[in-house]
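>>> Coordinates for the following, if possible.
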Amino acid sequence: MKSMESPGGNVTGTTDLHPEAISKLMEFIKNNVKDVTAVGILANEGEQNTIVNVTQAEESLTKLGLTRS
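Just a heads-up that it's a prediction; the model follows:
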């Protein structure tokens, strides 16, 4: 598939993650939680999809000057 926006061809399936969901959530926390410096993330890191989500969250936090606690 070419991309989520324009997959091309005959494609079927689902996704439970919007491409910007995690970064938008981290931005919301940064902009709306007073004096926030770290964000706690509870995750079952035995699941591959969870590892992907946590990695995206950590990357977003770093860009925002926050850490994972």
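
>>> in this protein, what spans have low per-residue confidence?
In the predicted model, the chain carries pLDDT under 70 at residues 1, 4, 9-16.

>>> for this structure, what spans make up the helices?
Under the criterion DSSP state H, helices of the chain are mapped to 21-32, 48-63.

>>> Against which helices or strands is the last one packed?
Put plainly, it is helix 48-63. helix 21-32, strand 67-68 (3 or more CB pairs under 8 Å, 6 or more residues apart in numbering; DSSP states H and E). Glycine gets a C-beta too; all of them are placed from N, C-alpha and C.

>>> any idea of the angle the first one forms with helix 48-63?
Helix 21-32 and helix 48-63 are oriented at 40 degrees to each other (axes from the mean of the first three to the mean of the last three CA atoms, to 10 degrees).

>>> Among the helices of the chain, which comes closest to Glu5?
When the helices of the chain are compared by CB to CB, helix 21-32 sits nearest Glu5, at 15.2 Å.

>>> got the buried residues for the closest one?
22-23, 26, 30 (16 or more other CB atoms under 10 Å).

>>> could I get the residues you listed as TSV with distance to Val54?
Shown next, in TSV, are those (distance: CB to CB, whole Å):
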residue	distance to Val54
Ile22	9
Ser23	13
Met26	12
Lys30	17
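
>>> Pick out whichever of those residues sits closest to Glu47.
Ile22 (15.6 Å).

>>> Now for the closest one: which residues touch it?
Shown in contact with Ile22 (CB atoms under 8 Å, 6 or more residues apart in numbering): 53, 56-57, 60.

>>> so which of the helices of the chain gets nearest Ala38?
For the helices of the chain, the distance to Ala38 is smallest for helix 48-63, at 8.1 Å, taking CB to CB.
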